[in-house]
Structure formats: structure tokens, C-alpha cells
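In: no FASTA, just this:
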């Protein structure tokens, strides 16, 4: 691995040092970038429409919110089916199964 002198804002260096003060800043930054690349690959693999050069965090948040909405819709349908089954049970109990 090659090393270069790169100008990084002091605020960024401080944030990286806070994350893991016992390791060199370059190592920690490299781990952060590897994590980001993995998240970016995951976000790109999701089957949702992307909006331009949307940040990875926005894609993941939108996907999560979309999944929550889907779960809510499925739960509503399950509740409707429960009430329909309950009504059918009452009907067949009262009027019999028919012929």
C-alpha cells in the first residue's frame, strides 16, 4: 500500500481519532471507507428507483421506510382477512354449512 501526503480538514481528523483513538488515523479512515463501500454496494443492489446521485444514506433510509409501509399494508390486509374469517365462522355456525 502506498502512502501519500493528503490535506484533510482538522475537524475530520478529530472525528476519526474519536472513533478509535488507539489506532492510526489512516487505518481508521481506511476501515470507514471499506464500511462505506460495502453499504454503497448494498444500496446499489436494492430494487428501488434511485433519484439521480442520491446519497447512500438516503437510499437506505427510503428503502427502510418503504419496507415499513409494506409491512403496514400487509398487516392491514391480515386484519381484514381475520374479520372476514370471523364473519364466515359466525355465518356457518348460525346457518350451517349448507349442502
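Out: Looks like it arrived, so ask away. These figures come from a predicted structure and were not determined experimentally.
In: mind giving me the packing neighbours of the longest helix seen in the chain?
Out: Assignment by DSSP state H gives helix 56-95 as the longest helix of the chain. Using 3 or more Cβ pairs under 8 Å, 6 or more residues apart in numbering; DSSP states H and E, the elements in contact with helix 56-95 are helix 25-45. In this view, the C-beta of every residue, glycine as well, is placed from N, C-alpha and C.
In: quick one: buried residues of the helix it packs on?
Out: Buried residues in helix 25-45, counted by 16 or more other Cβ atoms under 10 Å: 25, 28, 29, 43.
In: in this structure, where is pLDDT below threshold?
Out: 1, 97-99 (pLDDT under 70).
In: swap in 50 and give it another go.
Out: 99 (pLDDT under 50).
In: tell me the domain ranges of it?
Out: Structural domains annotated on the chain: 6-45, 52-99, as defined by automatic domain parsing.
In: most packed of these?
Out: domain 6-45 (a mean of 12; mean count of other Cβ atoms under 10 Å).
In: and that domain, how far out from the chain middle?
Out: 21 Å (Cα atoms, centre = their mean, to the nearest Å).
In: likewise stretch 49-59?
Out: Centroid separation between stretch 49-59 and its chain, computed with Cα atoms, centre = their mean, is 12 Å.
In: again, but for stretch 43-55
Out: 12 Å.
In: got it, and stretch 89-99?
Out: How far stretch 89-99 lies from its chain's middle: 46 Å, per Cα atoms, centre = their mean.
In: next up, identify which helix or strand residue 22 is on.
Out: Under the criterion of DSSP states H and E, residue 22 resides outside all helices and strands.
In: can you give me the distance of it to residue 8?
Out: 19 Å (Cβ to Cβ, to the nearest Å).
In: over to residue 35?
Out: 18 Å.
In: what's the closest non-adjacent residue to residue 26?
Out: residue 3 (7.7 Å; Cβ to Cβ, 6 or more residues apart in numbering).
In: next, the one you found: secondary structure please.
Out: Three-state assignment for residue 3 (DSSP: H, G, I helix; E, B strand; the rest coil): coil.
In: burial measure for it, as a count.
Out: 6 (other Cβ atoms under 10 Å).
In: need phi/psi at it.
Out: For residue 3, the backbone dihedrals (degrees, to the nearest 10) come out as phi -120, psi 140.
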